[in-house]
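Enquirer: Generate coordinates for the sequence data below:
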Amino acid sequence: MHPREFVAFIAAVMAVNALGVDLMLPALADIGHDLSVSTPNHRQWIVTAYMLGFGAGQLVYGPLADRFGRKPILVGTLAGFVAAAIFAAGSVTFAGLLGARLLQGLMSASTRVLAVAIVRDGASGRQMARTMSIAQMIFFLVPILAPTLGQALLAFGPWRFIFYALGAFAAVVLAWTLVRLPETLPLARRVPISLAALRQSYRLTLTNRFSIGYAIAASLTFGGILAFVSSAQQIFVDEFGAGDRFTLLFALCAFAMGVASFANSRLVERLGTRLISQSAVLALITLSVVHVVVIEAGLETLTSYIVFQALSMTCIGLCGSNFGAMAMEPVGHIAGTASSLQGFITSLGAVVVSLVIGQSYSGTTLPLAIGYLGIGLALIAIIYVIEGGQLFRPRLPAQ
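Expert: A predicted model of the protein is given here:
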């Protein structure tokens, strides 16, 4: 592929997962009403069930991709995602829908593992971080557009149309993969599946403090994103009564992450992953402290919430791709399995974080602000340990 097409392709693969999370947000209330979900917070499980499958599935695809190559695994799971979307569209009970969402997550888990592994097959360090940042910049346009697209689909039919649209998009990416993606893992680098090999790869991934430490750090930032996504409809519609502007306001917050990823792609090769991400964490802590004070003083408004949320998402956007690149740097020789295990840790950790924050929602934005403050404090503590007490200093000249 031409480099520009390659970046666009990686973004499209990642967008399958993003659409799986965000496209149905405007329909959560309709789904809850149609499937008799009486407790508003329980609607968040439509997102959470998907993420549980997404996290668990990642343990499988790394070893499979290291053994059989990237392309056949991606083709099979994209086909499975299309089938799961059709199952979700036909659900007649909330439990059935959650089962279909779990299956969707299991299938889409490959997109995270394989996007990272395919990029890592040809790049590392700052170059990898730059490529991932450009892809994520495009990828972050999806949360901006997805709720609006979901709202448009609702104008033409019931919420089930959204799942048919998900299946259609995945089918397009499947066709693109079949026609244009070359295999990026040569036969000489493929690793047989064996318990001994898996134990060795897992041991290397879990015992390297940079690999495991930055995977945990990524889980915290991803958890912050997921907490916002799962509670956004309640905050904007139920708390602030801005249902008619929900898609626009959600897009403003998501746009901040896109801007952050673009800035990171332009600056990371000059400033380094550590300087940018660590500065962003300190900024997140400061913002969260001020936000909590504003809420406790009774000064929170829709405008203040959007400002603080957008700035917080900017900080998180400056962390995510850098944490991922730093986690992968010492384990590039086992990229598929390492990406799989790191993705499992990151996704399930994010589910736990988002559940703690999202299920604490009680009609105010305070749980989210406190949650972001906790995330920031935990991040700086983790980074301090990983880096041996030395902040803002690259471990190697290329980082």
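
Enquirer: who touches the nearest residue to Leu220 once chain neighbours are set aside in this structure?
Expert: The spatial neighbour of Leu220 that comes closest, neighbours along the chain excluded (CB to CB, 6 or more residues apart in numbering), is Ile375 at 4.8 Å. The C-beta positions use only the backbone N, C-alpha and C, and glycine is treated the same way. Ile375 is in contact with Leu220, Thr221, Gly223, Gly224, Leu284, Val353, counting by CB atoms under 8 Å, 6 or more residues apart in numbering.

Enquirer: Buried ones among those?
Expert: Leu220, Thr221, Gly223, Gly224, Leu284, Val353 (16 or more other CB atoms under 10 Å).

Enquirer: who's in contact with the fifth one?
Expert: Meaning Leu284. Taking CB under 8 Å, 6+ apart, we find Leu284 in contact with Ser312, Cys315, Ile316, Tyr372, Ile375, Gly376, Leu379.

Enquirer: Distance check, it against Val116.
Expert: 24 Å (CB to CB, to the nearest Å).

Enquirer: With the third one instead?
Expert: With distances taken as CB to CB, Gly223 is found 18 Å from Val116.

Enquirer: Over to the fourth one?
Expert: Gly224 sits 20 Å away from Val116, taking CB to CB as the criterion.

Enquirer: Also the last one?
Expert: Distance check for Val353 against Val116: by CB to CB, it reads 20 Å.

Enquirer: Check the first one too.
Expert: Using CB to CB, Leu220 is found at 18 Å from Val116.

Enquirer: swap in the second one?
Expert: Computed with CB to CB, the distance linking Thr221 and Val116 is 16 Å.

Enquirer: and stretch 236-247, how far apart are its ends?
Expert: 9 Å (CA to CA, to the nearest Å).

Enquirer: Can you tell me what sits against it?
Expert: 26, 29, 40, 147-148, 150-151, 232-233, 249-250, 302, 305, 363-365.

Enquirer: repeat that with 6 Å
Expert: Pro147, Thr148, Gln151, Leu249, Leu302 (CB atoms under 6 Å, 6 or more residues apart in numbering).

Enquirer: Pretty sure the third one sits against Leu28.
Expert: No. Gln151 is not in contact with Leu28 according to CB atoms under 6 Å; the separation is 11.8 Å.

Enquirer: quick one, which of these two is more surrounded?
Expert: The residue with more neighbours, out of Gln151 and Leu28 and counting by other CB atoms under 10 Å, is Leu28; that gives 22 against 16.

Enquirer: Would you confirm that that one contacts His42?
Expert: No. Counting by CB under 6 Å, His42 is not a contact partner of Leu28; they are 10.2 Å apart.

Enquirer: before we move on, the earlier item: mind checking which of the buried ones among the contacts of Ile375 land in helices?
Expert: Leu220, Thr221, Gly223, Gly224, Leu284, Val353 (DSSP state H).

Enquirer: Give me the nearest residue to the last one, chain neighbours excluded.
Expert: This points to Val353. Nearest to Val353 is Gly223, by CB to CB, 6+ apart, at 2.6 Å.

Enquirer: can you dump the C-alpha coordinates of stretch 101-115 into CSV?
Expert: Only the C-alpha atoms of stretch 101-115 are listed here, as CSV (Å, rounded to 0.1, in the frame of the first residue of the first chain):
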residue,chain,number,x,y,z
ARG,A,101,-22.9,-7.2,21.8
LEU,A,102,-20.5,-9.5,23.6
LEU,A,103,-20.0,-11.4,20.4
GLN,A,104,-19.4,-8.2,18.5
GLY,A,105,-16.8,-7.2,21.0
LEU,A,106,-15.1,-10.6,20.7
MET,A,107,-14.9,-10.2,16.9
SER,A,108,-13.7,-6.6,16.9
ALA,A,109,-11.0,-7.4,19.4
SER,A,110,-8.8,-8.4,16.5
THR,A,111,-8.9,-4.9,15.1
ARG,A,112,-7.0,-3.5,18.0
VAL,A,113,-4.5,-6.3,18.2
LEU,A,114,-3.9,-6.5,14.4
ALA,A,115,-3.8,-2.7,13.8
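
Enquirer: one step back: make a markdown table from the buried ones among the contacts of Ile375 and add pLDDT and distance to Val191 to it.
Expert: Below are the buried ones among the contacts of Ile375 laid out as a markdown table (pLDDT from 0 to 100; distance: CB to CB, whole Å):
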| residue | pLDDT | distance to Val191 |
| --- | --- | --- |
| Leu220 | 95 | 30 |
| Thr221 | 94 | 30 |
| Gly223 | 93 | 31 |
| Gly224 | 93 | 34 |
| Leu284 | 97 | 38 |
| Val353 | 94 | 32 |
